[in-house]
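In: just to be clear, the model below is a prediction. Sequence and coordinates:
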Amino acid sequence: MSLSLNRFALGPFLKRNILFGLGVLAVLGVGVMFFNTHWGPGIGGDSTIYLTSAKDLISGRGLGLINADGNFRLIPYFPPFFPLILAFFGLLNLDMVTAAQWMNNLLFGGIIWLSGFVIYRSLNSAVYAFLASFLVFASPALIPVFSWVMSEPLSMFLGFLSLALLIQYFVQPNKLIILILSSALVGLSLLTRYTSVSYLGTGLIGIILFLDKSIRDRLKDCLTYLFVGIIPMIIWVAIDLNQTATVSSRSLESGTGMVNRIMSLFPSFRQSLLFWLVPDSWVYSPKYPVEINQFLPVAALILFLIWFGIVFGKYVKIKKGDRGNHFRLWVLLGIFCVIYFSVIVLVNILTYPPITINSRMISPVYVAVLWLTIILAYNTEKNWARHRWLKVLMPVGISLVIVWYGWASFNITRQNYKQGLGFLSLEWQLSPTIQAIKALPTETILITNQEMAVLFLTGRVSYPFREAYQTIPSETFSSYGDGDLENDKPQYLFREKGAALVLFDTLYDDLAGLYGERTRERVTHLIEGLIISFKGNDGAIYFYPSP
């Protein structure tokens, strides 16, 4: 008796109801995300920049931020499509935070549905299609990505949808509209996040490799794809150059800085990959010897690459006409992973300020790896069909991963439901220091180590506590206001203009990278002799003593 799942009623049933079933799962995913963001979506520093830029655009100031000195600056570091969408919601008199929550939650349902649909169209397997959707649905690495008011969900959905359409174009190369639509989606994804250039590069390589046309026609389609894909970014660069005389708020890193970045790459990627494998809490406080976390991501990556190499090596020996449609998807996903990692590495090494390499940053690769895992499992089952036990082992193995993921995701959503996320969490909403800031006279100049929190929660613009952004520690410790007043305007305003210094308790974390074991000593000297106007359990407000 065959052990294939399709011998049971499950396979045919899923195949008959594939679109409906994937839709139900997507709706459930949206519901989980609303439960997860019960107190509202996650709002952090970047989220505040997006929201504030959208508000400033609506008010007529432009797509950017008003500095504490009253000057306007175009939105820093980020391309504009996500805040433009937020501004559109604002023009409809919708609350932009709520609108962003709805959009990202729906996009989570969209990526669940798209994962199953693409796998089904490629493998013609309802079982593996549902397994792909369930992997995304249960993923503890993706839930945080879609929980925050950030641009990754939008750029990711647009990017993978564009690749799905491109694969369809390979099947119907006479329908140019599919290619144009795919490239338009790539362009919007790139206008959402610069790293989406990886989708564009993947698409161009895919056209050269897989399009069933002459070399001349392939090159023509490449030019069409490239032209349509970069039009939105060309428009944005023109606006950026016109207003700022530069195309980026980043600068080229120094030689020493590049060396330091190279040295930190491996630990950053290892930590990010660890979030794909174990629950969030185990990353920092594992229930096993902590040394395991040092080699677990590397071991998992090596095993995955070996599996990929063995299955792919056998698969390429099959005649080209017998490989099936999913071969294109398989190769494109691999190319995408290589390009995306290369882009992240180059940007991290070459530019300042540095990008943060974390699980959120590499989440598009994570989705690609989930899809690749499904394809590998399917091909393992098919290429070694004589081993009938593989027909059960592959789906059951993935199902166990889904259960493991689901347990971790349940704990994440339960915690987020109770405590909230970011600046909308109960901790920030009930912050005594935030309430004290609101009580200060409106003309009081603010200096703080939490600019974005103050901006989002009070609506007040502040100057930064600059020492938190230093790359080299101060040689001597002095009280705030007794430092370099000529080159540090906030300190000058604090001493001479009666500005308030608002220091949240996160200051210790802000300075730990600079001073290490001397952090507490630095903070002690920093506030020595200052007048304490307010002291709360999460921060304090200081003024410089009158002469």
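Out: Right, received. Where do you want to start? Residues are numbered from 1 along each chain as shown.
In: going forward, measure contacts and count neighbours with C-alpha atoms only.
Out: OK.
In: gap between the most centrally placed residue in the chain and residue 366?
Out: The residue lying closest to the centre of the chain (C-alpha atoms, centre = their mean) is residue 360, at 3.7 Å. To residue 366, residue 360 is 9 Å away according to C-alpha to C-alpha, to the nearest Å.
In: residues touching residue 307, list them.
Out: residue 376 (C-alpha atoms under 8 Å, 6 or more residues apart in numbering).
In: right, and residue 141 touches residue 275 too?
Out: Yes. At 6.5 Å, residue 141 and residue 275 qualify as touching, with contact defined as C-alpha atoms under 8 Å.
In: between those two, which has more neighbouring residues?
Out: residue 141 (26 against 19; other C-alpha atoms under 10 Å).
In: check which helix or strand covers that one.
Out: When elements are assigned from DSSP states H and E, residue 141 belongs to no helix and no strand.
In: do the same with the one 4 residues further on
Out: Secondary-structure assignment from DSSP H and E places residue 145 in helix 143-147.
In: show me what the helix or strand following that helix is in contact with.
Out: Remark: after helix 143-147, the chain's next helix or strand is helix 152-171, criterion DSSP H and E. Contact partners of helix 152-171, identified using C-alpha under 8 Å, 6+ apart, comprise 82, 104, 107-108, 110-111, 114, 118, 145-146, 175-176, 178-179, 181-183, 185-186, 188-190, 192-193, 196, 199, 203, 207, 210-212, 328-329, 360, 364.
In: please enumerate the strands of this protein.
Out: 64-66, 72-74, 251-252, 351-352, 446-448, 463-464, 500-504, 531-535, 539-543 (DSSP state E).
In: which strands or helices does the last one pack on?
Out: Helices and strands touching strand 539-543, by 3 or more C-alpha pairs under 8 Å, 6 or more residues apart in numbering; DSSP states H and E, are helix 432-439, strand 500-504, strand 531-535.
In: any low-confidence regions in the stretch 201-350 of the chain?
Out: By pLDDT under 70, the weakly predicted segments of the stretch 201-350 of the chain are 244-254, 318-324.
In: can you pull out the helices in it?
Out: Shown for the stretch 201-350 of the chain, the helices assigned by DSSP state H, counting those that start in this stretch span residues 215-244, 255-274, 280-284, 292-315, 326-350.
In: just name the most buried of the ones you listed.
Out: Each of these was scored by mean neighbour count; the highest is helix 326-350, a mean of 19, by mean count of other C-alpha atoms under 10 Å.
In: which strands or helices does that helix pack on?
Out: Looks like helix 326-350 contacts helix 96-123, helix 197-210, helix 255-274, helix 363-383 (3+ C-alpha pairs under 8 Å, 6+ apart).
In: pick the most deeply packed of those helices.
Out: Highest mean neighbour count among those (mean count of other C-alpha under 10 Å): helix 96-123, a mean of 23.
In: still on that earlier bit, and the strands of the chain: which comes nearest residue 287?
Out: strand 500-504 (31.9 Å; C-alpha to C-alpha).
In: what angle do that closest one and helix 432-439 make?
Out: Between strand 500-504 and helix 432-439, the angle comes out at 160 degrees (axes from the mean of the first three to the mean of the last three C-alpha atoms, to 10 degrees).
In: partner strands of strand 500-504, with direction?
Out: strand 446-448 (parallel), strand 539-543 (antiparallel) (DSSP bridges).
In: let me know the average pLDDT across the longest one.
Out: Strand 539-543 shows a mean pLDDT of 97 in the predicted model.
In: please apply the same query to the first one.
Out: Model confidence over strand 446-448, given as mean pLDDT, is 98.
In: which residues are contacting that strand?
Out: With contact meaning C-alpha under 8 Å, 6+ apart, strand 446-448 is reached by 461-465, 490, 494, 499-504.
In: redo that, cut-off 6 Å
Out: Contact with strand 446-448 is made by 462-465, 499-503, as judged by C-alpha atoms under 6 Å, 6 or more residues apart in numbering.
In: cool, the longest one as well?
Out: Outside of strand 539-543, the residues within contact range by C-alpha under 6 Å, 6+ apart are 433, 500-505, 531-534.
In: which among these end up buried?
Out: 433, 500-504 (16 or more other C-alpha atoms under 10 Å).
In: just the helices in the stretch 351-500 of the chain please.
Out: 363-383, 390-419, 426-429, 432-439, 451-458, 489-496.
In: which one, of the ones you listed, ends up nearest to residue 91?
Out: Closest among those, once you apply C-alpha to C-alpha, is helix 451-458, at 19.3 Å.
In: and that closest one, what does it pack onto?
Out: When contacts are defined as 3 or more C-alpha pairs under 6 Å, 6 or more residues apart in numbering; DSSP states H and E, helix 451-458 packs onto no helix or strand at all.
In: what lies in contact with it?
Out: By C-alpha under 6 Å, 6+ apart, helix 451-458 touches 45, 461-462.
In: buried set for that helix?
Out: So helix 451-458, judged by 16+ other C-alpha under 10 Å, has buried residues 451-457.
In: so for it, mean pLDDT?
Out: 97.
In: now the angle between helix 432-439 and it, please.
Out: 60 degrees.
In: restricting to C-alpha, output helix 451-458 in PDB.
Out: Output in PDB follows, covering the C-alpha atoms of helix 451-458 (Å, rounded to 0.1, in the frame of the first residue of the first chain):
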ATOM      1  CA  GLU A 451      13.600  61.900  19.900                       C
ATOM      2  CA  MET A 452      11.100  59.800  18.000                       C
ATOM      3  CA  ALA A 453       9.200  58.700  21.200                       C
ATOM      4  CA  VAL A 454       8.800  62.300  22.200                       C
ATOM      5  CA  LEU A 455       7.700  63.300  18.700                       C
ATOM      6  CA  PHE A 456       5.100  60.500  18.400                       C
ATOM      7  CA  LEU A 457       3.700  60.600  21.900                       C
ATOM      8  CA  THR A 458       3.800  64.400  22.500                       C
END
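In: how far away from the center of its chain is it?
Out: 22 Å (C-alpha atoms, centre = their mean, to the nearest Å).
In: check stretch 423-437 too.
Out: 25 Å.
In: list the contacts of it.
Out: By C-alpha under 6 Å, 6+ apart, the residues outside stretch 423-437 that reach it are 43, 419, 536, 539.
In: buried subset of the residues you listed as a ChimeraX selection?
Out: A single ChimeraX command selects the buried members of the contacts of stretch 423-437 (16+ other C-alpha under 10 Å):
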select :43,419,539
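In: which pair in the contacts of stretch 423-437 spans the largest distance?
Out: 43 and 536 (22.4 Å).
In: as a markdown table, the contacts of strand 446-448 with pLDDT would be great.
Out: What follows is those, written out as a markdown table (pLDDT from 0 to 100):
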| residue | pLDDT |
| --- | --- |
| 462 | 97 |
| 463 | 97 |
| 464 | 95 |
| 465 | 96 |
| 499 | 97 |
| 500 | 98 |
| 501 | 98 |
| 502 | 98 |
| 503 | 97 |
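In: and of those residues, the nearest to residue 480?
Out: Among these, and counting by C-alpha to C-alpha, the member closest to residue 480 is residue 501, at 8.7 Å.
In: from residue 481, how far out is that closest one?
Out: 10 Å.
In: next: residue 503.
Out: 14 Å.
In: so who does residue 142 touch?
Out: Neighbours of residue 142 in contact, by C-alpha under 6 Å, 6+ apart: none.
In: how about it, phi and psi?
Out: With angles defined as degrees, to the nearest 10, residue 142 sits at phi -90, psi -30.
In: and this protein, what are its domains?
Out: 1-149+387-426, 151-249, 252-319+340-383, 431-543 (automatic domain parsing).
In: could you dump those domains into CSV and include distance to residue 334?
Out: Converted to CSV, the domains of the chain look like this (distance: least, C-alpha to C-alpha, whole Å):
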stretch, distance to residue 334
domain 1-149+387-426, 15
domain 151-249, 9
domain 252-319+340-383, 8
domain 431-543, 36
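In: for the ones you listed, which one sits closest to residue 333?
Out: Comparing those under C-alpha to C-alpha, the one sitting nearest is domain 252-319+340-383, at 5.8 Å.
In: how far does that closest one sit from its chain's centre?
Out: 14 Å.
In: what do you get for stretch 428-440?
Out: 29 Å.
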